[in-house]
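# Turn this into a structure:
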Amino acid sequence: MRLLFCVQRYGEEVAGGSEAACRQVAEHLAARGHLVEVVTSRAKSYVDWADHYPAGPTTLNGVVVHRLSVRQPRDPKQFGPLHGRILRTRRAPLFVQRDWLRLQGPDVPGLPLWLDANAERFDLANFFTYLYPTTAFGLPVAARRLPTILFPTAHEEPMMELRVFDELVRAADGLLCLTPEELELVAQRFRFTPRAEVIGLGVDQNPVGDGRRFRDAHGLGDEPYVIFVGRIDPGKGSDELHRYFIEHKRRHPSNLRLVVVGEPVTQLPPHDDVILTGFVDEQTKLDALAGATLLVQPSYFESFSLALCEGWTFGLPALVQRQCKVLDGQVRRAGGGLPYSGFAEFSEALALLLREPGLRAQMGEGGRKYVRTHYAWDSVMNNYERFARGVIDATSYAAEQSRTRSSPTGPD
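Presented below is the predicted three-dimensional model:
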């Protein structure tokens, strides 16, 4: 198949979850012999969406990447007041919501023209993340020219209630979600879904990490540590985790440390028991996971947690934010950890797992088996190919029926 992917950012240095998911899916499809191209912005940072990468086409890991310029970086003085108004009312006129989308960014004015000019080169266009202009404005344009699949990567958040996204879901020919909770959320919100399925996301089943190497690099010796892998952002629960961990240590003194691996959007206060690595390469991340005692996923907003699944491949039990339905569902289906809500549950669950190595091993193995069963790349890619061909065939049949109905009938 000739496949196009459209996403707000793309690159090995881009740390976003949906962006990483798009890149991995695109690269695995290219490795299976499909012709895969990506159209995206030149941005590296989602904070301001400023142009970073060179404009034009490049090739990354077998995928041709087309980068288009952003109209201008996001201006907090313009975006902030409008964003506050949108969140307060959620009933702003559609033209105001569209202005909000553009100011949120990335505003890529050349994208509709690019899609219109290049659509005939592809059998199918895939759009990742409902929230950004690249999808909200791009998918309806592409849908007029070729079959489309939307990966919403949606989670419960106020912006999802905005009417500006209604047209987006209705325009898509197919919808692929990463968890049952995400599909349920999308179906309830829009009360209409096209052909839809839960596909999950592939996870490397045999990662290689050197925990001793990571420990030596950060002076950890043989001290136990819990690990959080993700963006350092209040919405991802990193600030709350930092507070909870320090308070737990105050009440339960020990040599336990917290390791935070991820791109800092906001800064966490320094603390002797907390190691902040910043953004690291893939091997360093795997080394950090290999040396950990357990993983914490404190995010309130997830459509799928790759970090959680990667931790399970190393046999790590997990503590996850109960108020995130996706995390709660993943950990309960896997039997791979404990959900918590609030400090008291966090502290008790952490203490329980630290003092019960047998329980840690049992939950870690449950998670490992769950990932092996549901998230092997071959299985995920087989399901994608079946679904994509079904969308292409159904769209072609509908187009042919439309042409037949519109053709004149009867004698000449």
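# where does the stretch 1-150 of the chain have low pLDDT?
Within the stretch 1-150 of the chain, no range satisfies pLDDT under 70.
# any idea of the pLDDT on residue 406?
Looking at residue 406, its pLDDT is 54.
# how deep is residue 205 tucked in, by neighbour count?
13 (other Cβ atoms under 10 Å). For the C-beta atoms, the positions are set from N, CA and C on the backbone; glycine is no exception.
# for residue 47, phi and psi?
Dihedral pair for residue 47: phi -70, psi -40, per degrees, to the nearest 10.
# How much space separates it from residue 313?
Using Cβ to Cβ, to the nearest Å, one obtains 30 Å as the distance from residue 47 to residue 313.
# same check, this time on residue 124
Computed as Cβ to Cβ, the residue 124 to residue 313 distance reads 30 Å.
# Equivalent analysis for residue 368, please.
Residue 368 is 6 Å from residue 313, by Cβ to Cβ.
# cool, residue 180 as well?
21 Å.
# Same question for residue 185.
Counting by Cβ to Cβ, the gap from residue 185 to residue 313 is 26 Å.
# do residue 270 as well
31 Å.
# Looking only at neighbour counts, state which of the two leads.
For residue 270 versus residue 313, neighbours defined as other Cβ under 10 Å are more numerous around residue 313 (22 against 7).
# Verify the contact between the more buried one and residue 202 for me.
No - taking contacts as Cβ atoms under 8 Å, residue 313 lies outside contact range of residue 202: 11.6 Å.
# in what helix or strand does residue 64 lie?
strand 63-68 (DSSP states H and E).
# Contacts for that strand, please.
Here strand 63-68 makes contact (Cβ atoms under 8 Å, 6 or more residues apart in numbering) with 10-11, 23, 26-27, 30, 36-42, 53-59, 108, 110-111, 114.
# Show me how far the following helix or strand past it is from its chain's centre.
Next helix or strand after strand 63-68 toward the C-terminus (DSSP H and E): helix 76-89. Averaged C-alpha coordinates place helix 76-89 at 24 Å from its chain's average position (Cα atoms, centre = their mean, to the nearest Å).
# Can I get helix 76-89 in PDB, CA atoms only?
Output of helix 76-89 as PDB, limited to C-alpha atoms (Å, rounded to 0.1, in the frame of the first residue of the first chain):
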ATOM      1  CA  PRO A  76       1.200  32.900  25.000                       C
ATOM      2  CA  LYS A  77      -0.100  36.400  25.200                       C
ATOM      3  CA  GLN A  78      -2.500  35.700  22.400                       C
ATOM      4  CA  PHE A  79      -3.300  32.000  23.100                       C
ATOM      5  CA  GLY A  80      -3.500  32.200  26.900                       C
ATOM      6  CA  PRO A  81      -6.600  34.400  27.200                       C
ATOM      7  CA  LEU A  82      -8.500  32.700  24.400                       C
ATOM      8  CA  HIS A  83      -7.600  29.300  25.800                       C
ATOM      9  CA  GLY A  84      -9.000  30.300  29.200                       C
ATOM     10  CA  ARG A  85     -12.200  31.500  27.600                       C
ATOM     11  CA  ILE A  86     -12.600  28.300  25.600                       C
ATOM     12  CA  LEU A  87     -12.100  26.200  28.700                       C
ATOM     13  CA  ARG A  88     -14.600  28.200  30.700                       C
ATOM     14  CA  THR A  89     -17.500  28.200  28.200                       C
END
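# Now do the helix or strand following it and helix 76-89, the angle between them.
Later in the chain than helix 76-89, the nearest helix or strand by DSSP H and E is helix 94-104. In terms of direction (axes from the mean of the first three to the mean of the last three Cα atoms, to 10 degrees), helix 94-104 departs from helix 76-89 by 140 degrees.
# Show me which residues of helix 94-104 are buried.
Buried residues in helix 94-104, counted by 16 or more other Cβ atoms under 10 Å: 97-104.
# what's next to it, contact-wise?
Residues contacting helix 94-104 (Cβ under 8 Å, 6+ apart): 71, 74-75, 78-79, 82-83, 85-86, 92, 131-133, 136-137, 162-164.
# so residue 259, which of the three states?
strand (DSSP: H, G, I helix; E, B strand; the rest coil).
# For it, which residues count as its bridge partners?
residue 227, residue 275 (DSSP bridges).
# these two touch, right, it and residue 288?
Yes - with contact defined as Cβ under 8 Å, residue 259 reaches residue 288; the gap is 6.0 Å.
# Mind listing the shared neighbours of those two?
227, 277.
# Looking only at neighbour counts, state which of these two leads.
Regarding residue 259 and residue 288, a neighbour count based on other Cβ under 10 Å identifies residue 288 as having more, with 28 against 21.
# ok, now how distant is the more buried one from residue 314?
Going from residue 288 to residue 314 by Cβ to Cβ gives 10 Å.
# cool, residue 227 as well?
From residue 227 over to residue 314 the distance is 10 Å, taken as Cβ to Cβ.
# For residue 262, the count of nearby residues, please.
Neighbours around residue 262, by other Cβ under 10 Å: 21.
# Next, the contact list for it, please.
15, 228-232, 238, 277-279.
# repeat that with 10 Å
Applying Cβ atoms under 10 Å, 6 or more residues apart in numbering, we find residue 262 in contact with 15, 228-233, 236, 238, 276-280, 285, 307.
# Just give me the closest of the residues you listed to residue 254.
Closest approach between the contacts of residue 262 and residue 254, by Cβ to Cβ: residue 228, at 18.0 Å.
# Verify the stated contact: the closest one with residue 238.
Yes - using Cβ atoms under 10 Å, residue 228 is in contact with residue 238, at 6.6 Å.
# Between those two, which contacts overlap?
In contact with both residue 228 and residue 238: 260, 262, 296, 298-299, using Cβ under 10 Å, 6+ apart.
# Quick check: residue 209 vs residue 331, distance?
Per Cβ to Cβ, residue 209 is found 22 Å from residue 331.
# and if you look at residue 74?
34 Å.
# of the two, who's got more company?
Using other Cβ under 10 Å as the criterion, residue 74 and residue 331 rank with residue 331 on top: 27 against 21.
# For the more buried one, list the residues it contacts.
For residue 331, the contact set (Cβ under 10 Å, 6+ apart) comprises 297, 305, 308, 312, 317-322, 337-339, 363, 366-367, 370.
# Equivalent analysis for residue 46, please.
For residue 46, counting by Cβ under 10 Å, 6+ apart, the contacting residues are 8-9, 14-16, 19, 74, 104-106, 132, 231, 233, 263, 265.
# How is the protein divided into domains?
Per automatic domain parsing, the structural domains of the chain span 2-202+376-405, 211-374.
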